[in-house]
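Colleague: got a sequence here, can you build the structure:
(2 chains)
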Protein chains: 2
Amino acid sequence: MNSVIELLHNHRSIRKFKDAPLSGEQVDSIIGSAQMASTSSNVQAYSIIGVTDPDKKKRLAELTGNQAYVEHCGLFLVFCADLYRNQVAVSMHEQPFHQNTESFLVASLDAALAAQNAAVAAESLGLGICYIGGIRNKPQEVSELLELPQLVYPVFGMCIGVPDQAPSSRPRLARPAVYHPNAYNAGRTRSDIEAYDEVTREYYKERTQGKVLTTWSKGLADKYREPVRAHIRPFLEARGFRLE
Amino acid sequence: MNSVIELLHNHRSIRKFKDAPLSGEQVDSIIGSAQMASTSSNVQAYSIIGVTDPDKKKRLAELTGNQAYVEHCGLFLVFCADLYRNQVAVSMHEQPFHQNTESFLVASLDAALAAQNAAVAAESLGLGICYIGGIRNKPQEVSELLELPQLVYPVFGMCIGVPDQAPSSRPRLARPAVYHPNAYNAGRTRSDIEAYDEVTREYYKERTQGKVLTTWSKGLADKYREPVRAHIRPFLEARGFRLE
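Modeller: The predicted structure follows:
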């Protein structure tokens, strides 16, 4: 295991940061790394908003579900899928701009690949990170706050800063549950879940001194019982995305 | 710039590989790294098919648009968004499984974060990688070949192997075009594109000994003139995804 793979294996989300901004050099390294990620056919269909303004960070903490670490991290990045810049480029040639579910997906994935490079770069600098999917709780308000044009939407946020906690690593599904040689093996899915349920039961029990008795599958059953963020599709359509 | 950030900055896509398989240890390191990426609320809504079977690789090369490197790389990974495993977990508790555009997005993003960790891990081992968006050219055929159950779809492929070429790095958009402090600056988009057009014009000219005279914006105008992969939405619906 080389030092890079060790770094990747040591990832854990950090939700408590010291009150310290990032240096300009750190930001350069992180954003430069994000930009070097692969991008579908070089469309580079993403943008990153780097939020350091205290009022905006405070407001974003509220909009993402009162997550204090959004306000108190050194830098809050908002990774956006961006078809606006592509559309402007096309308009310079007076050509039609055909977008659909595929282009929405490409832009969202471009943002994700850039984000993961940013995460790895930040962790290599000794910083901690936490993805904030809660940015999609109130995406219209976030878009207004960050002055996003049409055809740009916030995919997720990322807190970056100096860690002020050292949480343990959360156990993942067993390798064979996720990695299938040559064909998907659906025959083992249920027993893989049952095995992981035992692992997560112990993990939650230990982490809460026996107070939380749940499992991975139970958590998912609670989560999917009601529709999650049902506003996302109408929001995207209002922002100009054509999801056909 | 530390060695990890240097590695990320040195990324380039590799499209010619030596005829050499990966070792079991290399595969373990790469998949282990993928599994340690962040995942939305720990749903781990992705699976990875590792294709080494020569017949399947040959067929996948055809299905992705006759890309020879899909057949000739050491390992071809197919990163799949996977709500099937989540659905089975929920069904074990006899609860309803509500999915929508949000859950589709979460699963696709989970696959992308895992994939980028795999890419970084592979490159840290001296291997080369290339994402294959062409896996979405014929997604139904790919799904059948890899025996994907309903609610699993191939997001992208990734060739991994020992590089047999050393391409130059493709220039990216300038930093300020992509990274916006505190708010999106749409006022500069057009001039950013014009500046990048000059950079890409020189890049293509040099790389083709003056034969290709195009720019980034011209390439996008050509790309978006017709709808790209208009079959994606009906395909996803046929695979059980509810994009509402």
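
Colleague: C-alpha from now on. contacts and neighbour counts both.
Modeller: Fine.

Colleague: could you pull out the helices in chain A for me?
Modeller: A:3-9, A:24-35, A:54-63, A:68-72, A:84-91, A:101-124, A:139-145, A:175-178, A:189-207, A:216-224, A:232-238 (DSSP state H).

Colleague: for the residue of chain A most remote from its centre, give me its contacts.
Modeller: The outermost residue of chain A, judged against the average C-alpha position, is residue A:94 (34.7 Å), by C-alpha atoms, centre = their mean. If a contact means C-alpha atoms under 8 Å, 6 or more residues apart in numbering or on different chains, then residue A:94 has no contacts.

Colleague: any idea how far it is from residue B:72?
Modeller: The gap separating residue A:94 from residue B:72 is 40 Å, by C-alpha to C-alpha, to the nearest Å.

Colleague: now the lengthiest strand in chain A: mean pLDDT?
Modeller: As assigned by DSSP state E, the longest strand anywhere in chain A is strand A:152-161. For strand A:152-161, the mean per-residue pLDDT is 98.

Colleague: per-domain residue ranges of chain A.
Modeller: With domains defined by automatic domain parsing, chain A comprises A:3-168+A:227-238, A:175-213.

Colleague: out of the ones you listed, deepest packed?
Modeller: Of those, the one with the most neighbours on average (mean count of other C-alpha atoms under 10 Å in any protein chain shown) is domain A:3-168+A:227-238, at a mean of 21.

Colleague: how far does it sit from the chain's center?
Modeller: 7 Å (C-alpha atoms, centre = their mean, to the nearest Å).

Colleague: can you list the helices of chain A in a markdown table and add distance to chain B and mean pLDDT?
Modeller: A markdown table is the format used below for the helices of chain A (distance: least, C-alpha to the nearest C-alpha, whole Å; pLDDT from 0 to 100):
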| stretch | distance to chain B | mean pLDDT |
| --- | --- | --- |
| helix A:3-9 | 6 | 98 |
| helix A:24-35 | 6 | 98 |
| helix A:54-63 | 8 | 98 |
| helix A:68-72 | 13 | 97 |
| helix A:84-91 | 4 | 98 |
| helix A:101-124 | 6 | 98 |
| helix A:139-145 | 8 | 98 |
| helix A:175-178 | 5 | 98 |
| helix A:189-207 | 7 | 96 |
| helix A:216-224 | 4 | 98 |
| helix A:232-238 | 6 | 98 |
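
Colleague: now distance to residue B:141 too, for those, in TSV please.
Modeller: Formatted as TSV, the helices of chain A follow (distance: least, C-alpha to C-alpha, whole Å):
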stretch	distance to residue B:141
helix A:3-9	33
helix A:24-35	33
helix A:54-63	42
helix A:68-72	43
helix A:84-91	30
helix A:101-124	17
helix A:139-145	36
helix A:175-178	21
helix A:189-207	23
helix A:216-224	30
helix A:232-238	28
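
Colleague: quick one: closest of the domains of chain A to residue B:9.
Modeller: Ranking these by proximity to residue B:9 (C-alpha to C-alpha) places domain A:3-168+A:227-238 first, at 5.7 Å.

Colleague: sorry, back to before: out of the helices of chain A, which is closest to residue A:168?
Modeller: Between these, helix A:189-207 lies closest to residue A:168; by C-alpha to C-alpha that is 9.1 Å.

Colleague: quick one: list the elements packing against that closest one.
Modeller: Contacts defined by 3 or more C-alpha pairs under 8 Å, 6 or more residues apart in numbering or on different chains; DSSP states H and E place helix A:189-207 against helix A:216-224, helix B:84-91.

Colleague: contacts for it?
Modeller: A:170-174, A:177, A:210-217, B:85, B:88-89.

Colleague: can you do 6 Å?
Modeller: For helix A:189-207, contacts defined as C-alpha atoms under 6 Å, 6 or more residues apart in numbering or on different chains pick out A:173, A:177, A:212-216.

Colleague: then stretch A:229-241?
Modeller: By C-alpha under 6 Å, 6+ apart, the residues outside stretch A:229-241 that reach it are A:150-151.

Colleague: can you rerun that using 10 Å?
Modeller: Contacting residues not belonging to stretch A:229-241 are listed as A:83-84, A:99-101, A:103-104, A:134, A:136-140, A:143, A:148-153, A:242-243, B:98-103, B:105, B:243-244 [C-alpha atoms under 10 Å, 6 or more residues apart in numbering or on different chains].

Colleague: who wins for proximity to residue B:224 among the domains of chain A?
Modeller: The closest of the domains of chain A to residue B:224 is domain A:3-168+A:227-238. By C-alpha to C-alpha, the value is 5.2 Å.

Colleague: what's the span of the closest one from first residue to last?
Modeller: End to end - C-alpha to C-alpha - domain A:3-168+A:227-238 spans 45 Å.

Colleague: cool, and stretch A:3-23?
Modeller: So stretch A:3-23: terminal residues 24 Å apart, C-alpha to C-alpha.

Colleague: indicate which one of the domains of chain A is closest to residue B:59.
Modeller: domain A:175-213 (12.3 Å).

Colleague: how long is the closest one end to end?
Modeller: With C-alpha to C-alpha as the measure, domain A:175-213 spans 24 Å from end to end.

Colleague: ok and the longest strand of chain A relative to helix A:54-63, angle-wise?
Modeller: Strand A:152-161 runs at 110 degrees relative to helix A:54-63, counting by axes from the mean of the first three to the mean of the last three C-alpha atoms, to 10 degrees.

Colleague: CA atoms of strand A:152-161 as PDB?
Modeller: C-alpha atoms of strand A:152-161 as PDB (Å, rounded to 0.1, in the frame of the first residue of the first chain):
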ATOM      1  CA  VAL A 152     -26.200  26.000 -13.100                       C
ATOM      2  CA  TYR A 153     -27.300  24.100 -10.000                       C
ATOM      3  CA  PRO A 154     -25.600  23.200  -6.700                       C
ATOM      4  CA  VAL A 155     -24.800  19.500  -6.700                       C
ATOM      5  CA  PHE A 156     -23.200  19.400  -3.300                       C
ATOM      6  CA  GLY A 157     -21.200  21.500  -0.900                       C
ATOM      7  CA  MET A 158     -17.900  20.600   0.800                       C
ATOM      8  CA  CYS A 159     -16.600  21.800   4.100                       C
ATOM      9  CA  ILE A 160     -12.800  22.100   4.200                       C
ATOM     10  CA  GLY A 161     -10.700  23.000   7.200                       C
END
